Structure formats: C-alpha cells, structure tokens
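>>> below is the sequence, then the predicted model.
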Amino acid sequence: MSVTLILIIITVGISMYAWSNEDLMRKWIFHPFYVNKNHQYYRFITSGFLHADWVHLFFNMLTLYFFGDIVETVFVYHYGPEIGILLYLFIYFGGMIVADIPSYIKHKKDYDYRALGASGAVSAIIFSSILFSPTREICLYAFICMPGFIFGLLYLIYSYYQGKRMGDNINHDAHFYGAVFGFILTIFLVPGSFGNFVQKIMHWGIF
C-alpha cells in the first residue's frame, strides 16, 4: 500500500470522526489565537487532518490520490524506498505547516479566525508533480484541460489575488504558499528537475 493511500485513509478517518466529536474538532483545528497564546503549535499539523464537510474532504483527497502517487514514485526512484518516502512526507507535512504560517501571522490576535484542511499540503504535492511533468494535462471539472505548467501559473495568480481580497471562507494563502513551497523544495531535492521542467515546456507542442 502506498504512503499516499495511507495518508488518505487516515485523513478520511479522522475527518469523519471529528464531525461527530466537537471536542476533537475544537482542539485540533488551526486557531492562530490559541497557537500564539498557548503555544499550541501542533495545530499546524492536526488541522490538516480535519475537513469542513464531505465536499471539502473529497476534493482534497481525490487530488492527493491523483498527484501523490506520481511524486511518491519519483522520490522512491531517486532515493530508494526509505529516504524517498521520508522526503515525500517532508514535502506533504512541510507544505501543511508553511501554508499556515502567513495565516498565523495575519490572524494570531484574531480570536474568531479558524482554518482546517489539507489544502496547503495537497498544493505542495500538486506543484511537485507539475515540476516533474509540466506538460501533463490537468483537468478541471473533467472537461477544462490544460498543461500542468499553465494550470500552475493560473492557480498561483488566482490564489494570490483571492488571498488579498479575503472575500470568501477559503484560505487561498494556504493554497499559494503550499504550492510555492512544494515546487521550490522539489527543485532542491531532485537535481536536474528544474532543467527538465524548462526543457519539457520548450518542447511543448505550441512552441
């Protein structure tokens, strides 16, 4: 069983359990005010195993399923099973933590602000995958398809813009910073990956 599938099973299980356990949801959700006041830094990780509802959970885990195996396989190929899996988890959980740092800085004195979900971690995995396969098509809603590097650029622009607007209940900052973290870290972890990324784009059909 792949590590990606194990992460999905654990996240689904904990999310479902938390929906019927308000005490766990309250203790594990990302709450910058409590992180700052009570030094509850564990919330950077535990909140990534919680989701608001079935839709939120489904889209995050489906995305992880499609992109996680690609990244996991590449790291295992380059570093072997033990180190490869550790580096894969480093990207996943590192993305989870880094994605929430801007929200922590912005809302650490805001008692009412809370966030949850694995979106930052999943974004890190998506962009690690895009680095490896920039011309592989990514489809939105099953019919709007485009090469990964174009999707990635649009994703970053949209997430950055929406993060500045703060007009909805989605943590777009987590999407943006998780994605950037995953992409940059993978460049350093897999030698030659950025050169391969550029080369594949330059040989893409439109050129």
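Here it is on my side, so go on.
>>> and the residue nearest to I10 when sequence neighbours are not counted, what's its pLDDT?
Take I10 and drop its neighbours on the chain: the residue closest to it by Cβ to Cβ, 6 or more residues apart in numbering is F49, 6.9 Å away. All C-beta atoms are positioned from the backbone trio N, CA, C, and that covers glycine. On pLDDT, F49 comes in at 97.
>>> what sits against F49?
When the contact criterion is Cβ atoms under 8 Å, 6 or more residues apart in numbering, the partners of F49 are 10-11, 14-15, 18, 28, 118.
>>> secondary structure class for D110?
Here D110 is coil, with the state taken from DSSP: H, G, I helix; E, B strand; the rest coil.
>>> excluding its backbone neighbours, what's nearest D110?
Counting by Cβ to Cβ, 6+ apart, D110 lies nearest to F33, which is 6.3 Å off, once chain neighbours are set aside.
>>> how far off centre is the helix or strand of the chain with the lowest mean pLDDT?
Here the helix or strand of the chain ranked lowest by mean pLDDT, DSSP states H and E is strand 137-140, holding a mean of 82. Centroid displacement of strand 137-140 relative to its chain, using Cα atoms, centre = their mean, to the nearest Å, is 17 Å.
>>> buried ones in it?
Neighbour-count burial for strand 137-140, counted by 16 or more other Cβ atoms under 10 Å, picks out I138.
>>> give the pairing partners of it; include direction for each.
Strand 137-140 has its sheet partners listed here by DSSP bridges as strand 144-147 (antiparallel).
>>> buried residues, the partner strand. List them.
Of the residues in strand 144-147, those buried by neighbour count under the rule 16+ other Cβ under 10 Å are P147.
>>> for it, what is the distance to the chain centroid?
Strand 144-147 has its average C-alpha position 20 Å from the chain's average C-alpha position, going by Cα atoms, centre = their mean.
>>> same check, this time on stretch 156-164
Taking Cα atoms, centre = their mean, one finds the center of stretch 156-164 at 15 Å from the center of the full chain.
>>> next one: M61, what pLDDT does it get?
M61 carries a pLDDT score of 96 in this model.
>>> so it is in which element?
Secondary structure here is read from DSSP states H and E; on that basis M61 sits in helix 54-79.
>>> try G117
Short version: G117 belongs to no helix or strand, going by DSSP H and E.
>>> pretty sure it sits against G48.
Yes: under the criterion of Cβ atoms under 8 Å, G117 makes contact with G48 at 7.0 Å.
>>> what's the nearest residue to I101 if we skip its chain neighbours?
Excluding its sequence neighbours, the residue lying closest to I101 (Cβ to Cβ, 6+ apart) is Y177, at 7.1 Å.
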